[in-house]
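J.: Here is the input, now give the coordinates:
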Amino acid sequence: MKTIQTDRLTIRNFRVGDAEALFAYLQKPSASCFFSLKLADLKAAEAEVLKRSGEDEYIAVCLKETGQLIGDLFVHYDPAWSDDQENPQQPDTVSVGWNFNPLFSGRGYAFEAAHALCADLFTRQRIRRIYAYVEDHNTSSRRLCEKLGMRQEGLFLEYVTFQNDSTGNPVYENTMQYAILLREWAQR
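T.: Numbering: from 1, shown residues only. Reported below is the predicted structural model:
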């Protein structure tokens, strides 16, 4: 991925040296949707950084001034829909998300990073539609979606489970879908 610079942040691919900072917020994920990414130790974090450094799905968000990793963004490209196997269409729809170290919350970093990513997806990559899934109890991510200009498209009741209760039964969460189209972004 092409590195993105904002006033306070550098958004780039993961690289060696990011493991300790990644472990800081994935040893005990604060959002339930990231429970499956929980890292057991620094060795696991090093393996995860190595994996992420070879792909563009997870993107490191770092303080510009110090280079410190404070969180990450992710982009999932929807598979292109086309009946023509010889000329498949490029994906024009992506889902995005974010996961930040709680020590850096409340400073606008998540908005700054997500806004820069959306701008890049719409302008440089010519994406037509961006959407995000957010659990209904994650008010900070819901507010972030709204601040980005996304509109709520739906509420999926008992849609997904990330954990079991004390008796081993799955705990299902309600999930909201937010989205914004390129034309809506351009009108903002």
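J.: Residue 70 in helix, strand or coil?
T.: At residue 70 the chain is in strand, as set by DSSP: H, G, I helix; E, B strand; the rest coil.
J.: Leaving out the residues flanking it, which one is nearest to it?
T.: Nearest non-adjacent residue to residue 70, counting by CB to CB, 6 or more residues apart in numbering: residue 104, 4.4 Å away. In short, each C-beta sits where N, CA and C put it, glycine included.
J.: what about this structure, any weak spots by pLDDT?
T.: The model of the chain has pLDDT under 70 over residues 32-33, 80-89.
J.: Looking at it, which strand is longest?
T.: strand 151-164 (DSSP state E).
J.: Keeping just the C-alphas, turn that strand into CSV.
T.: In CSV, the C-alpha atoms belonging to strand 151-164 read as follows (Å, rounded to 0.1, in the frame of the first residue of the first chain):
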residue,chain,number,x,y,z
ARG,A,151,-25.3,6.4,7.2
GLN,A,152,-26.7,3.5,9.2
GLU,A,153,-28.1,1.0,6.7
GLY,A,154,-29.2,-1.8,8.9
LEU,A,155,-29.3,-3.5,12.3
PHE,A,156,-28.7,-7.3,12.4
LEU,A,157,-30.1,-8.7,15.6
GLU,A,158,-28.1,-11.4,17.3
TYR,A,159,-25.9,-11.5,14.1
VAL,A,160,-22.5,-12.7,15.3
THR,A,161,-20.8,-14.2,18.3
PHE,A,162,-17.3,-13.6,19.6
GLN,A,163,-17.5,-15.4,22.9
ASN,A,164,-19.4,-17.8,25.1
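J.: And it, what's buried?
T.: 159, 162 (16 or more other CB atoms under 10 Å).
J.: List the contacts of that strand.
T.: 32-33, 35-36, 131, 136, 145, 170-180, 184 (CB atoms under 8 Å, 6 or more residues apart in numbering).
J.: and with 7 Å instead?
T.: When contacts are defined by CB atoms under 7 Å, 6 or more residues apart in numbering, strand 151-164 is touched by residues 32-33, 35-36, 136, 170-180.
J.: Report the strands that pair with it, each with its relative direction.
T.: strand 170-181 (antiparallel) (DSSP bridges).
J.: Can you name the next helix or strand after the partner strand?
T.: Per DSSP states H and E, the first helix or strand lying C-terminal to strand 170-181 is helix 182-187.
J.: starting at the chain centroid, how far to that next one?
T.: How far helix 182-187 lies from its chain's middle: 21 Å, per CA atoms, centre = their mean, to the nearest Å.
J.: Now do the buried residues in it.
T.: Within helix 182-187, judged by 16+ other CB under 10 Å, the buried ones are 182, 185.
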